[in-house]
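Student: Mind folding the following:
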Amino acid sequence: MISIGMIVLSLLLHQAMMSGYQSSQAVLNFPKEDIRELVRETEREVKTAADQANRAGVTANLNKTISNYSSSIRLLYANHGQFVNISVRDITLDASNNISTVNVSITFVDGVTTYKYDPMVTRC
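Tutor: This is a model prediction of the structure:
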């Protein structure tokens, strides 16, 4: 009886260890730093592009700049086996026709994790 009890306890302990290992692996494999970096870089790029568009007085430059940025980022992340799409959803102008806020949609997929940040509002 004691032998069977010890075997059952060792099996339960093994299952508990495997469960802890699997959940810790899932946490380690989550690409949180990739996502954080993508959001930070996109916000910085949108603010820079909006500032340049405001100085030039042409808001259409913002869409072109963000489209070029999205293409570059898409290629960069594709080299790591990840899919990224960044697009401008909406631009809000203030009274003097300068860009005040930009709504940006970010999609990140790495085969395991799908992350959609929609919309990211950047105040310029």
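
Student: Domain ranges for this structure, per the record?
Tutor: What automatic domain parsing lists as the domains of the chain is 1-29, 31-123.

Student: which element follows the helix or strand harbouring L13 toward the C-terminus?
Tutor: Applying DSSP states H and E as the criterion places L13 in helix 2-29. Sequence-wise, the next helix or strand downstream of helix 2-29 (DSSP H and E) is helix 32-56.

Student: Contacts for that following helix, please.
Tutor: If you take Cβ atoms under 8 Å, 6 or more residues apart in numbering as the criterion, helix 32-56 is touched by 59-62, 65-66, 69, 73, 77, 82, 84, 86, 98-99, 102, 104, 106, 108, 110, 115, 117, 120, 122, 124. From N, CA and C alone the C-beta is placed, and that goes for glycine too.

Student: Hmm, V88 is touching V102, no?
Tutor: Yes. Assessed by Cβ atoms under 8 Å, V88 is found in contact with V102 at 6.3 Å.

Student: list residues touching both of those two?
Tutor: L62.

Student: which of these two has more neighbours?
Tutor: V102 (26 against 18; other Cβ atoms under 10 Å).

Student: From the contacts of helix 32-56, which land in helices?
Tutor: Judged by DSSP state H, the contacts of helix 32-56 include 60-62, 65-66, 69, 73, 77 as members of helices.

Student: Spatially, which two of these are the most separated?
Tutor: A60 and Y77 (26.2 Å; Cβ to Cβ).

Student: helices and strands around the helix or strand hosting L75, which ones?
Tutor: Per DSSP H and E: L75 is located in helix 60-78. Contact partners of helix 60-78 among helices and strands, from 3 or more Cβ pairs under 8 Å, 6 or more residues apart in numbering; DSSP states H and E: helix 32-56, strand 83-93, strand 99-109.

Student: Tell me which of those sits most buried.
Tutor: Among the helices and strands packed on helix 60-78, ranked by average contacts under mean count of other Cβ atoms under 10 Å, first place goes to strand 99-109 (a mean of 19).

Student: which residues are contacting that one?
Tutor: 31, 34-35, 38-39, 42, 46, 50, 53-54, 59, 62, 66, 77, 82-94, 114-124.
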